[in-house]
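[1] coords below, sequence missing:
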């Protein structure tokens, strides 16, 4: 009598080859020593299907130093023949990278950031250490852009921080050559939001010399006091720790520190727009 089903040992062999790692699979896994293969522990078929791409990803990590001058899209084109394979969720390489927890920053490619609106003044690339001024608001950026082009100063680069965006896009400055020999001066509104942006920036990029631009803050404080601070109550009520306020205030003179602390703790604010071009050009310059 002929059995329709194959013998049991053949069934087991088929099952083993399909659902268990073979000795060949185990050898292939050893070739992927730079990758976290935990995802594939119970996914034999996926492992075999993805192996060729995994091998290329592993080789990329082995040779990271070769790719530091390439962007992720440039590297993707070089290795996989299409620039979006490693950065677009619609494509297989990106999906495999997600499976193994491989992030673009792990690969060591050139940093990718959104363009920064900035002005570079003469001598920036010749100086060994520079003063980089980041301002919170766009109107203030253009005010200072004009003033600094018309008057001598020690500012080598002016950057529009776009509020909190600078805390995520600071690496864009590094692409311009900014380094830890430079002084990064931050200038925002006198309010809790401005202090929080400074705090986040300082914490995330602690290897850089980031300080409040005391000169501009002092001038802004003078303008605010003249206009009447009590009439300008901030609409934003972020929670900022007292220790962060103290860290920000320690850079100022005792008199200014007391006034700014009162503004912050009473949830008031002085917007940067208070220190406009006319004031900068005129009586506020000592």
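    Looks like it came in fine. What you see is a predicted model; the values in this text were computed from it and never measured. Numbering: from 1, shown residues only.
[2] list the contacts for the nearest residue to residue 107 once chain neighbours are set aside?
    Closest residue in space to residue 107, ignoring its immediate chain neighbours: residue 60 at 6.1 Å, by Cβ to Cβ, 6 or more residues apart in numbering. For the C-beta atoms, the positions are set from N, CA and C on the backbone; glycine is no exception. Each residue near residue 60 by Cβ atoms under 8 Å, 6 or more residues apart in numbering is listed here: 67, 75, 79, 107.
[3] cool, and residue 172?
    Here residue 172 is in contact with 111, 113, 114, 115, 116 (Cβ under 8 Å, 6+ apart).
[4] what's the burial count for the closest residue to the third one other than its chain neighbours?
    Among residues not flanking residue 114 along the chain, residue 169 sits closest, at 5.6 Å (Cβ to Cβ, 6+ apart). Residue 169 sits with 16 neighbouring residues when counted by other Cβ atoms under 10 Å.
[5] any idea how far residue 133 is from residue 169?
    Here the criterion is Cβ to Cβ, to the nearest Å. By it, residue 169 lies 16 Å from residue 133.
[6] who touches the closest residue in space to residue 53 that isn't next to it in sequence in this structure?
    Closest residue to residue 53 apart from its sequence neighbours, by Cβ to Cβ, 6+ apart: residue 96 at 5.3 Å. Residues in contact with residue 96 (Cβ under 8 Å, 6+ apart) are 50, 53, 54, 57.
[7] can you check residue 68 too?
    Going by Cβ under 8 Å, 6+ apart, residue 68 touches 108, 109, 110.
[8] number of nearby residues for the second one?
    It refers to residue 109. Neighbours of residue 109 (other Cβ under 10 Å): 21.
[9] coming back round to it: could I get the contacts of residue 96 as JSON lines with distance to residue 193 and neighbour count?
    Shown next, in JSON lines, are the contacts of residue 96 (distance: Cβ to Cβ, whole Å; neighbours: other Cβ atoms under 10 Å):
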{"residue": "50", "distance to residue 193": "46", "neighbour count": "20"}
{"residue": "53", "distance to residue 193": "45", "neighbour count": "17"}
{"residue": "54", "distance to residue 193": "45", "neighbour count": "25"}
{"residue": "57", "distance to residue 193": "41", "neighbour count": "22"}
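[10] would you turn these into TSV with pLDDT?
    Shown next, in TSV, are the contacts of residue 96 (pLDDT from 0 to 100):
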residue	pLDDT
50	96
53	96
54	97
57	96
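[11] These in strands, which ones?
    The members of the contacts of residue 96 all map outside strands under DSSP state E.
[12] sorry, back to before: in what helix or strand does the residue nearest to residue 53 lie?
    Here residue 96, judged by DSSP states H and E, is contained in helix 92-99.
[13] And for residue 262?
    Counting by DSSP H and E, residue 262 is found in helix 254-265.
[14] And that helix, what does it pack against?
    Using 3 or more Cβ pairs under 8 Å, 6 or more residues apart in numbering; DSSP states H and E, the elements in contact with helix 254-265 are helix 214-227, helix 242-249.
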